[in-house]
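>>> only geometry, no sequence info:
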């Protein structure tokens, strides 16, 4: 994949809430899963309970708006939808059984 087609991920986290380790773990998971699609991943310390994930200039997760933290499989799906929509994530793409939308 060429440099021009690679993407940037930004994770904004609250230092007062001690969310650095969670953010770093999520960053590691994303970099491992999307090593050919992500060119840059940056952690941004913040305050006020912030936890947001951005791909390029699109916010894909906000703790305040979405009510908490994403499961890592959900976060990978959201990133995949931005950087490589046709890509399968294997077992992470399995839909839950039952009547869950």
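Noted; the coordinates are in hand. The model shown is predicted, which means the values in this text are computed figures rather than measured ones.
>>> residues making contact with stretch 19-36?
Residues from elsewhere that reach stretch 19-36, judged by C-beta atoms under 8 Å, 6 or more residues apart in numbering: 1, 6-7, 9, 11, 13, 38, 41, 43, 45, 51, 53, 69, 72, 75-76, 79-80, 83-84, 89. All C-beta atoms are positioned from the backbone trio N, CA, C, and that covers glycine.
>>> Try it again at 6 Å.
1, 9, 11, 13, 41, 43, 51, 72, 76, 79 (C-beta atoms under 6 Å, 6 or more residues apart in numbering).
>>> Show me which residues of it are buried.
Judged by neighbour count using 16 or more other C-beta atoms under 10 Å, the buried positions of stretch 19-36 are 19, 23, 26-27, 30, 33-34.
>>> Which pair of these spans the longest distance?
19 and 34 (21.2 Å; C-beta to C-beta).
>>> Just give me the longest helix of this protein.
In the chain, taking DSSP state H as the definition, the longest helix is helix 20-33.
>>> what is the mean pLDDT for it?
When pLDDT is averaged over helix 20-33, the result is 98.
>>> chain center to it: distance?
8 Å (C-alpha atoms, centre = their mean, to the nearest Å).
>>> Angles on the backbone of the residue nearest the centre of the chain, please.
Taking C-alpha atoms, centre = their mean, the centroid of the chain lies closest to residue 75, which sits 4.4 Å from it. Backbone geometry at residue 75, expressed as degrees, to the nearest 10, gives phi -60, psi -40.
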